[in-house]
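Engineer: Prediction below, plus the sequence it came from.
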Amino acid sequence: MCLCEQMKILTQKFQTKHNTAPFSKIHIEDYKPAFIENIAKARAEIDAITNNTEAPTFQNTIEALDFSGDALDRLSSIFFNLNSAETSDEMQKIAQEVSPLLTEFSNDITLNEDLFKRIKTVYEQRDKLNLTAEQATLLDKKFKGFSRNGALLSEEKKSKLREIDTELAKLKLTYGENVLAETNNYQLHITNENDLKGLPEGTVEAAKALAQSKELEGWIFTLDFPSYLPFVTYADNRALRKEMAIAAGKKAFQNNQFNNQEITLKIAKLRHERANLLGYETHSHFVLEERMAQNPDKVKSFLNDLLAKAKPAAELEFAQLSVFAKELHGIEKLEKWDGAYYSEKLKRQLFNLDDEKLKPYFQLENVLNGAFAIAGNLYGLTFTEVFDIDKYHEEVTTYEVTDEVGGLVAIFYADFFPRKGKRNGAWMTSFKSQYIKENTNERPHISNVCNFTKPTATKPSLLTFNEVTTLFHEFGHGLHGMLANTVYPSLSGTSVYWDFVELPSQVMENWCYEPEALALFAKHYQTGDVIPQEYVEKIKESASFQEGMATLRQISFGLLDMAFHSNNPTAISDVKAFEKAAFEGTTLYSDVAENCMSVSFSHIFNGGYSSGYYSYKWAEVLDADAFAYFQEKGIFNKEVATKFKDNVLSKGGTELPMELYKRFRGQEPKADALLKRAGLI
């Protein structure tokens with residue numbers, strides 16, 4: 001097949017089951033020409049709206065704009081999702097080439113004076129148009145999307161905005177590529193079996209298999225989470241724990257081509273310059289105008305109020321841990337590489353519970369099926385694995401999601417194991433949005449991507465309890481995408497205010513602690529026995545173990561984000577010194593000179609969380625309050641579940657989040673539920 005024919009796969013509606021992405025038919029050389037053609041198509045669609053000789057209406061301008069560029073959106077979702085989950089040097093090179101093209105096109109739309117005039121005309125007539133709540137939200141979003149992003153600037157300032165946006169797009173990509181490269185470049189090669197003392201059998205077996213795959217003797221440990229976390233949690237060799245911890249902390253903070261210090265500062269300064277250009281005091285002022293929190297002062301007040309409540313508890317917990325480590329092993333000063341190790345031992349002593357005792361009850365397939373069963377009980381969904389939908393890697397599993405009458409709700413992709421071309425962490429994403437057009441409800445294609453321990457020759461993939469909650473968290477995001485039921489694609493699914501988006505994910509984690517839910521999936525992988533009730537009680541009992549320290553850690557990340565983005569960063573010259581100052585007041589461990597978090601803080605410098613990291617704690621208030629409602633009525637109560645589905649999960653960004661939440665809950669959320677759950681009151 002010639003390249004032009006091949007490229008057509010990415011420029012037309014896919015001739016596949018449910019219009020799913022034809023991954024196996026896509027060649028890497030197809031992407032760039034397809035981007036060029038799809039940008040041209042989308043540009044023609046925009047020109048048709050702009051040049052329409054009829055008077056501007058909601059339908060011929062606002063609605064037409066939201067439905068434009070569908071082929072480009074599909075292509076972008078496929079390409080950039082794979083750039084996170086299945087990248088290569090060649091793919092990263094294409095990303096660097098097409099990102100400026102996409103930025104230029106995006107700016108061409110936002111800075112299009114004639115198009116904005118049409119939008120403004122409709123916006124000024126909004127009170128007379130008898131719009132639905134969703135239409136009114138879309139109109140407001142489109143108008144602000146233009147007015148907040150340069151439509152009102154002079155030509156000179158528009159030109160400057162284009163320069164900034166193009167540079168930012170490239171810098172963010174490079175930042176992420178450097179973090180991935182640093183993660184892949186490190187390995188701890190152990191040849192002395194004594195250095196493995198304390199490590200779980202499954203972790204050792206996986207390390208042996210990795211060494212064998214590299215044709216090496218011994219065992220290899222990496223910075224991938226399923227390798228790194230067990231090592232720093234269980235390895236008795238303190239010197240090696242230190243080596244691993246420092247290696248993780250100095251990613252992109254070394255004197256090599258992957259150093260992100262300069263890039264971090266450039267991103268922060270360009271964001272500030274962009275905000276100023278648009279008339280905002282700082283990047284945070286710009287971002288938070290379209291968030292529930294509204295402004296930086298409210299975010300800082302929220303974080304500092306939480307800090308005041310969490311810090312005394314965190315300091316007591318740290319003192320307890322320090323005494324424990326000294327009594328157990330004579331450790332005079334607790335360091336960062338000791339935290340997970342002694343916390344696990346203390347937890348075991350206090351609750352007679354540890355992850356190795358729990359893991360046999362959390363086989364990955366069972367946990368996933370448990371999430372499916374809970375979604376079935378709550379929302380009437382059925383997940384059926386299918387083998388006739390294309391996938392981008394052999395480890396991915398695909399599912400058709402149907403409702404109670406067999407109607408298609410979504411396609412679900414699950415991708416759970418680490419590999420070289422996949423970034424660390426866990427996330428939910430979409431390969432196709434949900435929307436309603438020409439009386440057809442186009443259903444979404446949703447993906448969960450995680451990094452769990454791979455099965456070995458003798459064991460299936462067994463999860464730690466923390467990994468169980470991670471799976472449920474991402475699945476909660478997935479349900480937000482799968483159950484979307486809006487007319488317009490830009491308001492669908494997780495297209496909500498950033499400090500509301502974590503509610504569906506975090507509320508889902510609560511079921512992991514409930515005996516009634518655990519009975520559905522926590523079964524021993526060898527015997528099939530349901531997890532003993534005493535373990536369930538201990539899981540619940542230990543749920544707030546070191547919650548003060550965990551809360552302090554999350555607050556510190558939120559404050560670092562705000563330090564970079566709610567102030568003028570132009571005077572920052574030393575990333576490490578700036579970070580250290582931002583963390584002051586939240587630190588328990590001594591600083592490690594070789595380490596710097598900012599240069600690998602992908603959430604805010606490569607993801608979408610800049611000025612938004614606080615949203616994890618913000619959403620915890622919502623999720624604790626929401627789950628208290630479920631507990632009050634029953635954790636599988638259909639009435640409450642239907643209210644949550646109809647007012648939160650299916651509504652996307654069609655209305656203000658607090659209005660949706662109040663419609664579900666009947667009141668605004670109260671922080672007491674969170675503080676009580678965390679053991680802070």
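Structural biologist: Yep, it's here.

Engineer: so where's this structure uncertain?
Structural biologist: Of all residues in the chain, those with pLDDT under 70 make up the ranges 1-7, 681.

Engineer: helix/strand/coil for Q526?
Structural biologist: coil (DSSP: H, G, I helix; E, B strand; the rest coil).

Engineer: mind checking how far it is from S461?
Structural biologist: Using C-beta to C-beta, to the nearest Å, we find Q526 at a distance of 14 Å from S461. (C-beta placed from N, C-alpha, C; glycine too.)

Engineer: higher neighbour count, those two?
Structural biologist: It is S461, of Q526 and S461, that has more neighbours when counted by other C-beta atoms under 10 Å, with 22 against 10.

Engineer: residues in contact with the nearest residue to S227 once chain neighbours are set aside?
Structural biologist: If the residues on either side of it in the chain are set aside, S227 comes closest to F221, at 5.0 Å by C-beta to C-beta, 6 or more residues apart in numbering. With contacts defined as C-beta atoms under 8 Å, 6 or more residues apart in numbering, the neighbours of F221 are Q187, L188, I190, A207, S227, Y228, F231, M244.

Engineer: go again using 6 Å as the cut-off
Structural biologist: F221 makes contacts with L188, A207, S227, F231, as judged by C-beta atoms under 6 Å, 6 or more residues apart in numbering.

Engineer: Inside strands: which ones of these?
Structural biologist: Counting by DSSP state E, the members of the contacts of F221 that fall within strands are L188.

Engineer: Please pick the buried ones from the contacts of F221.
Structural biologist: Neighbour-count burial (16 or more other C-beta atoms under 10 Å) applied to these gives L188, A207, S227, F231.

Engineer: unless I'm mixing things up, the last one is touching A245, no?
Structural biologist: This means F231. No: applying C-beta atoms under 6 Å, one finds F231 not in contact with A245, separated by 9.2 Å.

Engineer: Filter the contacts of F221 down to just the ones in helices.
Structural biologist: With helices identified by DSSP state H, the entries of these that belong to them are A207, S227, F231.

Engineer: coming back round to it: among the buried ones among the contacts of F221, which one sits closest to K157?
Structural biologist: Within these, proximity to K157 (C-beta to C-beta) peaks at S227, which comes in at 48.7 Å.

Engineer: Show the residue spans covered by the strands in the chain.
Structural biologist: Taking DSSP E as the criterion, the chain carries its strands at 188-190, 219-221, 382-386, 397-402, 408-415, 427-432, 435-437, 440-442, 445-449.

Engineer: Please convert these to CSV, extending it with distance to A55.
Structural biologist: Formatted as CSV, the strands of the chain follow (distance: least, C-beta to C-beta, whole Å):
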stretch, distance to A55
strand 188-190, 68
strand 219-221, 66
strand 382-386, 48
strand 397-402, 42
strand 408-415, 39
strand 427-432, 33
strand 435-437, 23
strand 440-442, 28
strand 445-449, 37
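
Engineer: how about the ones you listed, which one is nearest E86?
Structural biologist: Across these, E86 has its closest neighbour in strand 408-415 (8.6 Å, C-beta to C-beta).

Engineer: Relative to N377, how far out is the closest residue in space to N510 that isn't next to it in sequence?
Structural biologist: In space, and not counting its chain neighbours, N510 is closest to F627: 4.3 Å by C-beta to C-beta, 6+ apart. Computed with C-beta to C-beta, the distance linking F627 and N377 is 15 Å.

Engineer: what's the answer for F35, then?
Structural biologist: As judged by C-beta to C-beta, F35 and N377 stand 43 Å apart.

Engineer: When these two are compared, which one has more neighbours?
Structural biologist: Neighbours were counted for F35 and for N377 using other C-beta under 10 Å; F35 has more, 24 against 18.

Engineer: one step back: and the contacts of F221, which is closest to G493?
Structural biologist: G493 lies nearest to S227 out of the contacts of F221, by C-beta to C-beta, at 32.7 Å.

Engineer: so Y342 makes contact with A325?
Structural biologist: Yes: with contacts defined as C-beta under 6 Å, Y342 counts as touching A325 at a distance of 4.5 Å.

Engineer: Which of these two has more residues huddled nearby?
Structural biologist: The neighbour count for Y342 versus A325, taken as other C-beta under 10 Å, is higher for A325 (22 against 19).

Engineer: Just list the residues touching that one, thanks.
Structural biologist: I331, L334, Y342.

Engineer: Can you give me the first-to-last residue distance of stretch 603-613?
Structural biologist: Across stretch 603-613, the terminal residues are separated by 8 Å (C-alpha to C-alpha, to the nearest Å).
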